[in-house]
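Asks: when you get a sec, could you give me coordinates for this:
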Amino acid sequence: MNDESPAMKLVHVLRAVTVEFDLLGSEFAARHGLHPTDVRALIHLLDAARDDIAATPGWLGRRMRLNSAGTTALVDRLERLELVRRTKDTVDRRRVLLKVEDKAMELGWSFFGPLIAEVVAVAEDFDTSEVETVRRFLTAVLTSARQTRTA
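Replies: Modelled structure (predicted):
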């Protein structure tokens, strides 16, 4: 494939953005005594809350591709750091749900808030149809990446 094609140029920019976000995540983790796995877990849990998904340890383990022991160690660590808490499901008392604590959200916003504000400002410079095109593109790329990872 031609390295200078418009599609390949998009791939290169997307790769560069991914690397920068990964570096930011690593910096955030190091600054707060976390492992990058902890940050990924918090992101999954925040996404679950936003999408109204009941996040259980089993659900998180599948998302993180961790076995039961690894998931328990991860949740124990996040709970010890007061970033996550376990609660009983009010519908099914046998089930444990994971909730992100306000402390975790405050830490995240203090670090990532300025970047999020910048990204929103950049997006606001585009018209609605351009933003929708970018959203469709990134959603399709995300779907492709997930399919490749699970293949």
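Asks: low-confidence ranges in the chain?
Replies: Low-confidence segments of the chain, defined by pLDDT under 70, span residues 1-2, 151.
Asks: do that again at 90, thanks
Replies: Along the chain, segments meeting pLDDT under 90 span 1-4, 89-94, 146, 149-151.
Asks: and the most centrally placed residue in the chain, how close does it get to Val100?
Replies: Nearest to the geometric centre of the chain sits Ile43, at 3.3 Å (Cα atoms, centre = their mean). Distance, Ile43 to Val100, by Cβ to Cβ, to the nearest Å: 10 Å. All C-beta atoms are positioned from the backbone trio N, CA, C, and that covers glycine.
Asks: ok so, going back, which parts of whichever strand or helix holds the residue nearest to the centre of the chain are buried?
Replies: If you go by DSSP states H and E, Ile43 is part of helix 36-50. Residues of helix 36-50 classed as buried by neighbour count (16 or more other Cβ atoms under 10 Å): 37-42, 44-45, 48.
Asks: quick one: which two of these are the most distant?
Replies: The distance between the two most remote of those (Cβ to Cβ) is 16.4 Å, for Thr37 and Ala48.
Asks: let me see the contact set for Trp59.
Replies: 48, 53 (Cβ atoms under 8 Å, 6 or more residues apart in numbering).
Asks: give me the element it is part of.
Replies: In the assignment (DSSP H and E), Trp59 maps to helix 57-64.
Asks: Arg95 is in contact with Pro57, isn't it?
Replies: No - using Cβ atoms under 8 Å, Arg95 makes no contact with Pro57, being 9.5 Å away.
Asks: turn the buried residues of helix 36-50 into CSV, columns for distance to Ser144.
Replies: What follows is the buried residues of helix 36-50, written out as CSV (distance: Cβ to Cβ, whole Å):
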residue, distance to Ser144
Thr37, 24
Asp38, 27
Val39, 23
Arg40, 19
Ala41, 24
Leu42, 25
His44, 20
Leu45, 24
Ala48, 22
